[in-house]
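# I would like to see how this sequence folds:
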Amino acid sequence: MTRTDTMRRRFPAALLLASLMTIAPAASIVNTAHAREADIARHVCQIDWRKGDWHVKQLIRCAEDRWDVPGGASMALYVANRESNFKPRAYNGYSGASGIFQHLRRYWPGRADAFGFDGWSAFNARANIMVTMRMVHRMGSWSHWGV
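Now for the predicted structure:
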């Protein structure tokens, strides 16, 4: 392929991209990508956590498999057991920490929004687990949980 052929193919693509940028600024493209990833998080691991501890553990294993967190599923299970004994309704009256991974009440809304679960409760095990797995995957450590 000659340089002229390459330029002929790239020019229409560049025009299309430029027109999209005037219609939909970069922020909305990023928001669209964020929305797509959030949609994936809501639909991955279709395990009904409300059936009991075993199902909560399966949901943690599945989410860890999808996002690959440090220490693997065994570390995720260890932290969840230590924080809540796998109880979605776990609540610490002193700190206000809530849910499976005991997110502090003041941080939960921002974390839930950042990882695709805006408006979801920390007591919803799916939201709590998915937000935690994505957060730990992105951070590369369990440092917020003292591990």
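
# just the strands in the chain please.
For the chain, no strands are identified by DSSP state E.

# In it, where is pLDDT below threshold?
By pLDDT under 70, the low-scoring segments of the chain are 1-42.

# how is it carved up into domains?
With domains defined by automatic domain parsing, the chain comprises 1-43, 47-145.

# Mean neighbour count added to those, as a markdown table?
Glycine gets a C-beta too; all of them are placed from N, C-alpha and C. As requested, the domains of the chain are arranged in a markdown table below (neighbours: other CB atoms under 10 Å):
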| stretch | mean neighbour count |
| --- | --- |
| domain 1-43 | 11 |
| domain 47-145 | 18 |
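
# distance of residue 80 from residue 49?
Separation of residue 80 from residue 49 (CB to CB, to the nearest Å): 11 Å.

# Need the overlap of contacts for the two.
56, 129 (CB atoms under 8 Å, 6 or more residues apart in numbering).

# So which residues of this structure form helices?
For the chain, helices defined by DSSP state H occupy the ranges 3-23, 26-43, 53-67, 72-84, 108-114, 125-139.
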